[in-house]
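Novice: Below are the sequence and a predicted model; questions follow.
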Amino acid sequence: MEKTEYTGLEGHGLRNLARIYWHLPTPALYEEAIRRREGVLAHLGPLVVRTGHHTGRSPKDRFLVKEPTSEAEIYWGEENQPISPERFEILYSRLCAYLQSKEVFVQECYVGAHPRYRKPVRIITEYAWQSLFARNMFIRELDPRVLKEFVPEFTVIAVPRFNAIPEQDGVHSETFIIINLAKRVVIIGGTSYAGEIKKAVFTMMNYFLPKEGVLSMHCSANTGKRGDVALFFGLSGTGKTTLSTDPERVLIGDDEHGWCDEGVFNLEGGCYAKVIRLSRDDEPEIYECTRKFGTILENVAVDMRTRRLDLDDSSLTENTRASFPITHLPRIVRDGTGGHPQNVIFLTYDAFGVLPPVAK
């Protein structure tokens with residue numbers, strides 16, 4: 001169906017919507033977010049938002065639909081909790097009913113910089129600022145003719161104000177992140193933390209890329225003047241973004257990559273950096289990104305009179321975040337690809353001093 005202010009999402013079961021905002025650019029999303037009191041404009045241009053009681057991901061509320069096409073290929077357990085197709089359909093139907101007579105925002109982007117392996121993804125959100133997050137984090141399609149005919153392979157529907165009923169829906173709380181690999185759909189509710197959108201898409205790529213002979217990796221990547229690619233693996237907060245934005249090297253990507261027969265490629269179009277106690281002296285490039293128009297700052301303290309930031313304030317959470325397009329950084333690989341890595345570094349963040357600073 002044609003994409004209009006009222007139509008185009010019927011294939012997802014979304015009907016009778018008050019309005020659909022297709023592909024809004026950054027300034028328009030700022031206007032909508034501020035008009036709806038979703039966030040405030042800070043000094044020099046970032047948009048500061050609050051994510052409520054969830055200031056990080058909710059792994060215990062993440063489920064995969066247990067269905068025949070993927071059941072035997074998933075390692076079920078605490079990380080991959082099963083939910084039945086029937087319960088998914090009931091919850092999905094209620095989510096669609098909840099969105100009737102409401103406005104939604106749609107971004108249509110790609111995940112994966114390599115043209116052979118990239119996947120078109122549609123992100124449908126209740127909040128304007130989360131639509132900006134999708135626009136920042138994924139690879140944009142700028143041709144309106146292509147967007148007009150855009151057909152997604154993955155769809156994410158994020159509805160923070162819609163809550164599950166645990167005893168009815170078979171989940172643990174009002175919050176849910178449910179991935180249906182057969183339908184290639186993710187539904188998210190009960191949480192405003194935007195990192196759930198990014199990680200849900202990465203989970204889908206973790207499943208589908210290996211089927212095409214591509215290793216999906218949670219790591220940052222950069223390259224030197226001689227084309228020597230380095231990968232940095234590590235848990236959140238171990239320094240992947242910091243180390244990969246080396247002033248002597250060029251950034252490929254800061255968090256999620258694929259490794260194919262031709263080399264490595266970024267899965268994203270943006271960065272999602274921790275910014276608590278970020279230093280202008282130690283991390284000048286990321287620091288500057290917190291002062292730019294188009295950047296989203298999650299749970300960062302701001303003086304409401306002067307609108308100046310306090311990156312040292314952890315009163316809301318230690319997990320303060322900045323989402324910005326990778327083009328905010330001065331030294332990047334524009335096409336998001338690199339050769340085969342010559343160095344692979346594992347960041348341990350060893351708090352007990354058991355390991356030496358650098359170990360081979």
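Specialist: Arrived safely, thanks for sending.

Novice: what's near enough to touch Leu99?
Specialist: Leu14, Leu17, Glu126, Val159, Phe162 (C-beta atoms under 8 Å, 6 or more residues apart in numbering). Where C-beta positions appear, they are placed from N, C-alpha and C, glycine not excepted.

Novice: What of Asp254?
Specialist: The neighbourhood of Asp254, defined by C-beta under 8 Å, 6+ apart, consists of Ser220, Lys240, Thr241, Ser244, Thr245, Glu268, Cys271, Tyr272, Ala273, Ile326.

Novice: And it, how far from Pro330?
Specialist: Look at Asp254 and Pro330: by C-beta to C-beta, to the nearest Å, they are 14 Å apart.

Novice: same question, Cys96
Specialist: With the distance defined as C-beta to C-beta, Cys96 ends up 44 Å from Pro330.

Novice: Then His257?
Specialist: 21 Å.

Novice: For stretch 253-262, buried residues please.
Specialist: Buried residues in stretch 253-262, counting neighbours by 16 or more other C-beta atoms under 10 Å, are found at Gly253, Asp254, Asp255, Glu256, His257, Gly258, Trp259, Cys260.

Novice: Gly8 versus the closest residue to Thr7 other than its chain neighbours, what's the distance?
Specialist: Nearest residue to Thr7, sequence neighbours excluded (C-beta to C-beta, 6 or more residues apart in numbering): Met1, at 5.2 Å. Distance from Met1 to Gly8, counting by C-beta to C-beta: 6 Å.

Novice: These two: which has the busier surroundings?
Specialist: A direct count of neighbours by other C-beta atoms under 10 Å for Met1 and Gly8 places Gly8 higher, at 17 against 8.

Novice: mind listing the strands in the stretch 1-150 of the chain by residue range?
Specialist: 19-22, 39-41, 47-49, 62-65, 81-83, 103-111, 119-125, 139-140 (DSSP state E, counting those that start in this stretch).

Novice: can you put those strands in a markdown table and add mean neighbour count?
Specialist: Shown next, in a markdown table, are the strands of the stretch 1-150 of the chain (neighbours: other C-beta atoms under 10 Å):
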| stretch | mean neighbour count |
| --- | --- |
| strand 19-22 | 16 |
| strand 39-41 | 18 |
| strand 47-49 | 24 |
| strand 62-65 | 23 |
| strand 81-83 | 18 |
| strand 103-111 | 23 |
| strand 119-125 | 23 |
| strand 139-140 | 20 |
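
Novice: before we move on, back to that, can you pick out the residue with more neighbours from Cys96 and Pro330?
Specialist: Cys96 (20 against 12).

Novice: in this structure, which spans are helices?
Specialist: Applying DSSP state H to the chain gives helices spanning 26-35, 85-99, 128-137, 144-148, 166-169, 195-208, 240-244, 284-289.

Novice: Of all those, which one is nearest Val121?
Specialist: Closest to Val121 of these, according to C-beta to C-beta: helix 195-208, at 6.0 Å.

Novice: So Asn136 is in contact with Gly294, correct?
Specialist: Yes: Asn136 lies in contact with Gly294 (C-beta atoms under 8 Å); the separation is 7.0 Å.

Novice: Now do the shared contacts for those two.
Specialist: Common neighbours of Asn136 and Gly294 (C-beta under 8 Å, 6+ apart) are Phe324, Pro325.

Novice: In terms of neighbours, single out the busier of these two.
Specialist: Asn136 (29 against 22).

Novice: any idea how far the more buried one is from Arg305?
Specialist: In this view, Asn136 and Arg305 are 28 Å apart by C-beta to C-beta.

Novice: Show the contacting residues for Cys96.
Specialist: Contacts of Cys96 (C-beta under 8 Å, 6+ apart): His12, Gly13, Leu14, Arg15.

Novice: Reformat these as JSON lines; add distance to Thr337, neighbour count and pLDDT.
Specialist: Listed next are these as JSON lines, based on distance: C-beta to C-beta, whole Å; neighbours: other C-beta atoms under 10 Å; pLDDT from 0 to 100:
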{"residue": "His12", "distance to Thr337": "32", "neighbour count": "17", "pLDDT": "98"}
{"residue": "Gly13", "distance to Thr337": "37", "neighbour count": "15", "pLDDT": "97"}
{"residue": "Leu14", "distance to Thr337": "35", "neighbour count": "20", "pLDDT": "98"}
{"residue": "Arg15", "distance to Thr337": "40", "neighbour count": "13", "pLDDT": "97"}
